[in-house]
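Enquirer: Let's see this in three dimensions:
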Amino acid sequence: MQLNRRSLLKYSSLLGAATVASAMRSRLAQADEPALTMQLDWKLNVQFAGLLLADHLGLYRDRNLNLAIEPWQSGMVVTDFVAENPLTIGCVEQNLILDAQANGAPLKAIATMFQASPYALMCMPDGRIDSFTDLIGKKVGVHVDGIKVMELVKGVNDLTNEDIEVVEIPYEDKLERLESGEFAAIQCYAVDEPIAFAQRFGSEPEILHMDDYGYRAYAQVIFTTNTVLETMPDQVKAFLEATFDGWKQAIANISSTAQLVAETYAEPDSKYTNVDYQTRSLDLVSQYILRGISEAEIGRISIDRWQQPPI
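Expert: Numbering: from 1, shown residues only. Take a look at the predicted model:
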């Protein structure tokens, strides 16, 4: 699939003009109150390339949607934010939606961006950690969304909670804490953070992919409130159509999409402004989007699979 002529003209004009790029950034903070907000669970980068490309190409506007795409803010629990804010759609890991629903949050999953979770643990490349059981007796740093995942993975591998010490840590300074030896492993997203590790240390980290140890879950699951689904069904349908049209075009045009995201949407001076970094990341992202499905099935959730435990 290739960008159509109208889209390609828009695409090329942005990439070729810094002033236009600056103007396009303002789409994420329009003066008018947006009809819908898409709340991401991380910062603006190619992990959300389909959404950002759809925004750039005007795919939401073409469907009469006024959409604001908002990056994650430190300390934010996206499921709580969506439940508490009307006219909001969000994306998170499947297990977080299930936990929120179990606690009574009026939320429903409506589609998924990733067919599998890139949740992983990252270790120093010194050969000491080759498998999940090598972490027995050691300390692992994870974020709030990884605590339950670690409990599940330990259980399916016949380990108790005491076998591996799990400590909740923030995103800041976690590489330094891994390098110092404070932790034997830290949580990472396999489509992104190992690339930054390799750039920093000059070698690839040891990666323990949790789906290799029994964790079966969708990731970047798109969800919203019952209220939005009941009052804005046409807008939700249009949002999903535009989003997955954007993803199909992003996957078909990895290098140019990565450049667009790096130069237009990434936070200035962040690692996400590196075009090569974003290109490598988007290639990995595309593998999770298409894992086990055809392009026509992008975004779909299997009801049977959803109803099974993620582990």
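
Enquirer: Could you use CA atoms for every contact and neighbour count after this?
Expert: Noted.

Enquirer: CA-only coordinates of the helix or strand where Val228 lies in PDB, if you can.
Expert: Val228 is part of helix 226-231 when elements are defined by DSSP states H and E. Extracted C-alpha coordinates of helix 226-231, given in PDB (Å, rounded to 0.1, in the frame of the first residue of the first chain):
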ATOM      1  CA  ASN A 226     -19.500   3.400  28.100                       C
ATOM      2  CA  THR A 227     -20.800   7.000  27.900                       C
ATOM      3  CA  VAL A 228     -18.700   7.700  24.800                       C
ATOM      4  CA  LEU A 229     -19.800   4.500  23.100                       C
ATOM      5  CA  GLU A 230     -23.500   5.200  23.900                       C
ATOM      6  CA  THR A 231     -23.500   8.900  22.900                       C
END
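
Enquirer: helix/strand/coil for Ile89?
Expert: strand (DSSP: H, G, I helix; E, B strand; the rest coil).

Enquirer: and it, how many neighbours?
Expert: 27 (other C-alpha atoms under 10 Å).

Enquirer: if we can go back for a sec, give me the helices and strands touching the helix or strand following the helix holding Val228, please.
Expert: Going down the chain from helix 226-231, the next helix or strand is helix 233-252, by DSSP H and E. Secondary structure elements in contact with helix 233-252, counted by 3 or more C-alpha pairs under 8 Å, 6 or more residues apart in numbering; DSSP states H and E, are helix 49-56, helix 59-62, helix 275-289.

Enquirer: Out of those helices, flag the one nearest Lys139.
Expert: helix 275-289 (27.9 Å; C-alpha to C-alpha).

Enquirer: Can you list the neighbours in contact with the closest one?
Expert: 45-47, 49, 113-118, 191-192, 195-196, 251, 254-255, 258-259, 261-263, 271-272, 298-299 (C-alpha atoms under 8 Å, 6 or more residues apart in numbering).

Enquirer: one step back: deepest of the helices and strands packed on helix 233-252, which one?
Expert: Neighbour counts (mean count of other C-alpha atoms under 10 Å) averaged over each of the helices and strands packed on helix 233-252 peak at helix 49-56, with a mean of 24.

Enquirer: Tell me what angle that helix forms with helix 275-289.
Expert: 110 degrees (axes from the mean of the first three to the mean of the last three C-alpha atoms, to 10 degrees).

Enquirer: Good, we can wrap up now.
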